[in-house]
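**Q** I would like the atomic coordinates for the input below:
(4 chains)
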2 protein chains.
Amino acid sequence: MFDTIEIKEVKQELGFLVKALRKQRGLSQIQLAKSLDVSRTTIQNLELGKNFTVDTIFKVLKEMDLLSQLNSEILQAKNHVINSKSMY
Amino acid sequence: MFDTIEIKEVKQELGFLVKALRKQRGLSQIQLAKSLDVSRTTIQNLELGKNFTVDTIFKVLKEMDLLSQLNSEILQAKNHVINSKSMY
DNA sequence: CATAAATGACCATTATAATGTTCAATATAG
DNA sequence: CTATATTGAACATTATAATGGTCATTTATG
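**A** Okay, here's the model as predicted:
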């Protein structure tokens, strides 16, 4: 019913987002990698939708000033769970 | 200025969210792990805010019917980048 | 156009996430 | 309370993400 979307597709979309954010700031993969203290290969794999760790994507989001927003949405989702009765 | 929040803290919050979602559905770590085809240790590390891969958290979000929502927010963020002029 | 910069791809090595197990501490149920 | 289930912790092993390098292709620049 819900979430027929594939994990692979979401990873690819996330990669496209990172690439767009990076280009918006006029950074090359090497420049971004250095500022995050990761390798260019890691940035490349992230942008191409391969598997990667939350540390990697969170470093990017923090650099792009999006980490606080994500945290807020996590807290919001958590409160939603707490305030709703279980249907299970 | 922005995003003084720490990566470690966001990982912990994400772990709390997963734990809340799991308990809402009345599942044990073992039950969730089996349904996602991962080990209990992986679920445990996720809930305790250790490092983990996007595959792991995306499997959880898909099981909890939250993956489509995340994908929508990624697309929204991407469109926001595209439609805004670069300040850099 | 020519030249330089950036990216995608590939590969060997290293670091670490994932697995599977055991055990003590907690929480839950009877 | 007692018994059972669940969870946090620690560990060795395995799988794989991260690294650093090269090279061909693509993209930007003069």
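**Q** what sits against the spatially most central residue of chain A?
**A** Nearest to the geometric centre of chain A sits residue A:57, at 4.6 Å (C-alpha atoms, centre = their mean). Residues near residue A:57 by C-beta atoms under 8 Å, 6 or more residues apart in numbering or on different chains: A:14, A:18, A:46, B:54. Every residue, glycine included, has its C-beta placed from N, CA and C.
**Q** and the first one, what does it touch?
**A** If a contact means C-beta under 8 Å, 6+ apart, then residue A:14 has A:46, A:49, A:57, B:54, B:74 as its contacts.
**Q** Could you pull up the residues touching the last one?
**A** Put plainly, it is residue B:74. A:10, A:13, A:14, A:17.
**Q** quick one: pLDDT of the closest residue to residue A:71 other than its chain neighbours?
**A** Nearest residue to residue A:71, sequence neighbours excluded (C-beta to C-beta, 6 or more residues apart in numbering or on different chains): residue B:10, at 4.9 Å. Looking at residue B:10, its pLDDT reads 98.
**Q** now residue A:84
**A** pLDDT at residue A:84 comes out at 76.
**Q** residues near it, how many?
**A** Using other C-beta atoms under 10 Å in any protein chain shown, residue A:84 has 9 other residues around it.
**Q** ok, now how distant is it from DNA strand D?
**A** Distance, residue A:84 to DNA strand D, using C-beta to the nearest atom of the strand, to the nearest Å: 19 Å.
**Q** re earlier: what about the residue nearest to the centre of chain A, which SS state?
**A** Taken by DSSP: H, G, I helix; E, B strand; the rest coil, the conformation at residue A:57 corresponds to helix.
**Q** Please report the distance of it from residue B:36.
**A** 20 Å (C-beta to C-beta, to the nearest Å).
**Q** Need the buried ones from the contacts of residue A:57 selected in ChimeraX.
**A** The buried residues among these can be selected in ChimeraX (16 or more other C-beta atoms under 10 Å in any protein chain shown) with this line:
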select /A:14,18,46 /B:54
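**Q** Out of the contacts of residue A:57, flag the one nearest to DNA strand C.
**A** Nearest to DNA strand C among those, counting by C-beta to the nearest atom of the strand, is residue B:54 at 8.4 Å.
**Q** related to what we said a few turns ago, the contacts of residue A:14 in helices, which ones?
**A** Judged by DSSP state H, helices contain the following of these: A:46, A:57, B:54, B:74.
**Q** residues contacting the first one?
**A** Under the criterion of C-beta under 8 Å, 6+ apart, the contact list for residue A:46 reads A:14, A:15, A:18, A:52, A:56, A:57, A:60.
**Q** hang on, the third one packs against residue A:45?
**A** No - using C-beta atoms under 8 Å, residue A:18 is not in contact with residue A:45, being 10.8 Å away.
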